[in-house]
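Please work out how this folds:
(chains A and B)
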There are 2 protein chains.
Amino acid sequence: MDKLPIPVVVREVGLRDGLQSLATVMPTARKLEWLRAAHAAGQREIEVGSFVPAKLLPQLADTAEVLACASTLPGLLASVLVPNLKGAQQAIACGADAVVVPVSASRAHSLANVRKTPEEAVAEFARIRAARDASRSKMILEGAISTAFGCTIQGRVAPGEVMRLMQALLDAGADRVSLADTVGYADPASVRRLFEKALAIAGPRLCGGHFHDTRGLALANVFAALELGINRFDASLGGIGGCPYAPGASGNVASEDLAFMLESMGIATGIDLSALLALRARLAGWLEGETLHGALWRAGLPKTFVPAA
Amino acid sequence: MDKLPIPVVVREVGLRDGLQSLATVMPTARKLEWLRAAHAAGQREIEVGSFVPAKLLPQLADTAEVLACASTLPGLLASVLVPNLKGAQQAIACGADAVVVPVSASRAHSLANVRKTPEEAVAEFARIRAARDASRSKMILEGAISTAFGCTIQGRVAPGEVMRLMQALLDAGADRVSLADTVGYADPASVRRLFEKALAIAGPRLCGGHFHDTRGLALANVFAALELGINRFDASLGGIGGCPYAPGASGNVASEDLAFMLESMGIATGIDLSALLALRARLAGWLEGETLHGALWRAGLPKTFVPAA
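Presented below is the predicted three-dimensional model:
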């Protein structure tokens, strides 16, 4: 356990991965309320939206406005997801601190999702890097390998293929890379195997993991990655996110449950759990009719809970 | 990961820990249906009930009949929970393969629950051992330390106190001891710390862990214990169980989610997951109006799932 990293970042992706999966379109003012409250609760890395055509994702059409608000919050690292160069250019223009560029390790998923092969996505990543460098922006470029543990379309994704893609992203100029279990196919053993391989390739440039709780294993998977020293995990408040292929299924690991696990273990996250639980209660009201997930909110904090120092 | 134990036993406690917490009293015929179907799905250790006064737990008043059925199922190890000598004598008379004797590490919980101090409970355990030996029964005696990670009444339970109790149970003649997080206060770090201490005291007589999913950490806690070689975990189908102090909260870790995690990791459980999921669907029908938990049942098995050999 000496190996466990401290502190650990719970990167909030509810405003992006969470909201994009819901039918409800959250008004901009409410997103700003969420953003400010998340910041007040101690969250310091937040994915605030995505630069994609508004007709594809009307839920995220106001990303520029949310990002503008984020830039006023002290100490906040605001990231956005971008699928291509055009999105990255918007992110640069709007002053995003970081962009997350998803590249699917599953060829079938990549073609279905962005109509590009993984190789074409890597070539686009290189163009994003060139644009970032030309603009003299300091925006961090993260290559996020999705469906790294398998895919609902293609099924198995070979670990060798994932590593080949990771190396290609690093070669194309990624500042960081991360691994995502987009559809809840990972288990603690496969997490350990894949993250061990990834550490060998990327070293400290391997920045984090993104686990969906589709089959209940997200926190166990996080723990397996933590044991390897991984110190940044995506999560969404109330576990919103879901998967279009599994209606009603849990989405991203719930931010509050993840922060609770970490803080209980003595791993500082900077998050005030009571404030985060209060925000979750507000979110539940805002998203009436949508299913929220997670366990901590029902039972509350244990009598013995002590936040990590 | 070389250390991970294979096989691992998912001990079904739904018929005891699960049903005792529900308002619904399941008819005996249905319990037998559950029992036979669980056995057919590959479950080989099942806690079938509890010998306690029927006025205290009417849900379990038919334990002798369920046990009689269990003894006809080939290869099944049927256990019952007993709080005292009288219950153990019934278990011996009915031919239970094992009894689980809960002893609370929290003095406050012990007094509230069984009106005995932990020391008095250990003395009762010694009397159970004497009765077992006198009867020439081969029934296994398990001392199950409850509230080992804290308690909703007392709050913190000192690890030293838990270890003292474990040693006392071993000295009193326990064949096996186990640790239970009765109220969902454990985290992977505290699990590792306490099970490491327990292994030092009990060695192979430390037989397993019992984790409630009250705050969502049960599977992460199981994984932490697995890494120490622990190879038997209690679980209840559909995660029934709950905690009287946290209405609506999740109960025991769900058997199907636990078996899924293990099998995904290549750890054989002997369980046919499709059969167990089908049984869960029947259980949901039988317990209409009660809340079931777990995640796997919504999403189903991954396309890539391969049972452990």
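
Provide the backbone phi and psi angles at A:Leu258.
For A:Leu258, the backbone dihedrals (degrees, to the nearest 10) come out as phi -60, psi -50.

how close does it sit to chain B?
9 Å (Cβ to the nearest Cβ, to the nearest Å). Where you see a C-beta, it was placed from the backbone N, CA and C, and this is true even at glycine.

Quick one: neighbours of that residue, just the number.
In terms of burial, A:Leu258 registers 28 neighbours under the definition other Cβ atoms under 10 Å in any protein chain shown.

Could you pull up the contacting residues of it?
The neighbours of A:Leu258, taking Cβ atoms under 8 Å, 6 or more residues apart in numbering or on different chains as the test, are A:Val10, A:Ala218, A:Leu219, A:Val222, A:Phe233, A:Ala235.

since we're on the fifth one, how many residues are nearby?
For A:Phe233, the count of nearby residues is 28 (other Cβ under 10 Å).

so which of the contacts of A:Leu258 comes closest to chain B?
Here the nearest of these to chain B, counting by Cβ to the nearest Cβ, is A:Leu219; it sits at 4.3 Å.

ok now do that closest one, which residues does it touch?
Going by Cβ under 8 Å, 6+ apart, the list of residues near A:Leu219 reads A:Asp213, A:Val253, A:Asp257, A:Leu258, A:Met261, B:Gly216, B:Leu217, B:Leu219, B:Ala220.

which outside residues touch stretch A:147-163?
A:104-109, A:112, A:145, A:179-183, A:185-186, A:190-191, A:193-194, A:197-198, A:201, A:243, A:245-246, B:302-304.

Show me which of those residues are buried.
Buried members of the contacts of stretch A:147-163, counted by 16 or more other Cβ atoms under 10 Å in any protein chain shown: A:104-107, A:109, A:145, A:179-183, A:185-186, A:190-191, A:194, A:197-198, A:243, A:246, B:302, B:304.

continuing past the least confident helix or strand in chain A by mean pLDDT, what's the next helix or strand?
Of all the helices and strands that make up chain A, helix A:107-114 has the lowest average by mean pLDDT, DSSP states H and E, namely a mean of 90. Sequence order places helix A:118-135 as the next helix or strand after helix A:107-114, per DSSP states H and E.

Give me the contact list for that following helix.
A:82, A:84-85, A:88-89, A:92, A:99, A:101, A:103-105, A:107, A:110, A:114, A:116, A:139, A:141, A:143, A:165, A:168-169, A:172-174.

Only alpha carbons, please: show that helix as PDB.
Extracted C-alpha coordinates of helix A:118-135, given in PDB (Å, rounded to 0.1, in the frame of the first residue of the first chain):
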ATOM      1  CA  PRO A 118      -7.600   4.600 -35.600                       C
ATOM      2  CA  GLU A 119      -4.700   5.500 -37.900                       C
ATOM      3  CA  GLU A 120      -6.600   8.400 -39.400                       C
ATOM      4  CA  ALA A 121      -7.500   9.500 -35.900                       C
ATOM      5  CA  VAL A 122      -3.800   9.500 -35.000                       C
ATOM      6  CA  ALA A 123      -3.000  11.500 -38.100                       C
ATOM      7  CA  GLU A 124      -5.700  14.000 -36.900                       C
ATOM      8  CA  PHE A 125      -4.000  14.100 -33.500                       C
ATOM      9  CA  ALA A 126      -0.700  15.100 -35.100                       C
ATOM     10  CA  ARG A 127      -2.500  17.900 -36.900                       C
ATOM     11  CA  ILE A 128      -3.900  19.000 -33.600                       C
ATOM     12  CA  ARG A 129      -0.400  19.000 -32.100                       C
ATOM     13  CA  ALA A 130       0.900  21.100 -35.000                       C
ATOM     14  CA  ALA A 131      -2.000  23.600 -34.600                       C
ATOM     15  CA  ARG A 132      -1.400  23.800 -30.800                       C
ATOM     16  CA  ASP A 133       2.300  24.500 -31.300                       C
ATOM     17  CA  ALA A 134       1.700  27.000 -34.100                       C
ATOM     18  CA  SER A 135      -0.700  28.900 -31.900                       C
END
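
quick one: it to helix A:107-114, angle?
When axes from the mean of the first three to the mean of the last three Cα atoms, to 10 degrees is applied, the directions of helix A:118-135 and helix A:107-114 differ by 50 degrees.

Neighbouring strands of the helix or strand just after helix A:118-135 in the sheet, and parallel or not?
Where DSSP H and E defines the elements, the next helix or strand beyond helix A:118-135 is strand A:140-146. Sheet partners assigned to strand A:140-146 using DSSP bridges are listed as strand A:98-104 (parallel), strand A:176-181 (parallel).

what sits up against the longest one?
By that I understand strand A:98-104. With Cβ under 8 Å, 6+ apart as the contact definition, strand A:98-104 has outside contacts at A:47, A:77-83, A:87-88, A:91, A:110, A:113-114, A:118, A:121-122, A:124-125, A:128, A:139-147, A:151, A:165, A:169, A:174, A:178, A:180, A:182.

Kindly recompute the last result at 7 Å.
Contacts of strand A:98-104 from elsewhere in the structure, counted by Cβ atoms under 7 Å, 6 or more residues apart in numbering or on different chains, are A:47, A:77, A:79-83, A:88, A:91, A:110, A:113, A:118, A:121-122, A:125, A:128, A:139-147, A:165, A:169.

how near is the nearest residue to A:Ser137 once chain neighbours are set aside to chain B?
Excluding the flanking residues, the one nearest A:Ser137 by Cβ to Cβ, 6 or more residues apart in numbering or on different chains is A:Ile92, at 4.7 Å. Using Cβ to the nearest Cβ, one gets 38 Å for the distance from A:Ile92 to chain B.

Same check on A:Pro5?
13 Å.

didn't that residue look like it was pressed against A:Arg232?
No: between A:Pro5 and A:Arg232 there is no contact, the gap being 9.1 Å when judged by Cβ atoms under 7 Å.

quick one, which of the two is more surrounded?
For A:Pro5 versus A:Arg232, the count of surrounding residues by other Cβ under 10 Å is larger for A:Arg232: 20 against 16.

what does the least confident helix or strand of chain A rub up against?
By Cβ under 7 Å, 6+ apart, the surrounding residues in contact with helix A:107-114 are A:Pro83, A:Ser104, A:Lys116, A:Thr117, A:Pro118, A:Ala121, A:Thr147, A:Cys151, A:Ile153, A:Gln154.

What of stretch A:42-55?
Residues from elsewhere that reach stretch A:42-55 (Cβ under 7 Å, 6+ apart): A:9-13, A:15-16, A:20, A:35, A:38, A:57, A:60-61, A:63, A:66-67, A:70, A:75-83, A:87, A:90-91, A:100, A:270-272.

Identify each buried residue in it, please.
Along stretch A:42-55, these residues count as buried under the neighbour rule (16+ other Cβ under 10 Å): A:Gly42, A:Gln43, A:Arg44, A:Glu45, A:Ile46, A:Glu47, A:Val48, A:Gly49, A:Ser50, A:Phe51, A:Val52.

How far away from the center of its chain is it?
Put simply, stretch A:42-55 sits 10 Å off its chain's centre (Cα atoms, centre = their mean, to the nearest Å).

Can you give me the distance of A:Val162 to A:Leu179?
7 Å (Cβ to Cβ, to the nearest Å).

which residues do the two both contact?
The overlap between the contact sets of A:Val162 and A:Leu179 (Cβ under 7 Å, 6+ apart) consists of A:Ile145, A:Ala148, A:Leu194.

Including pLDDT, could these go into a markdown table?
Rendered in a markdown table, the data for these read as follows (pLDDT from 0 to 100):
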| residue | pLDDT |
| --- | --- |
| A:Ile145 | 98 |
| A:Ala148 | 97 |
| A:Leu194 | 98 |
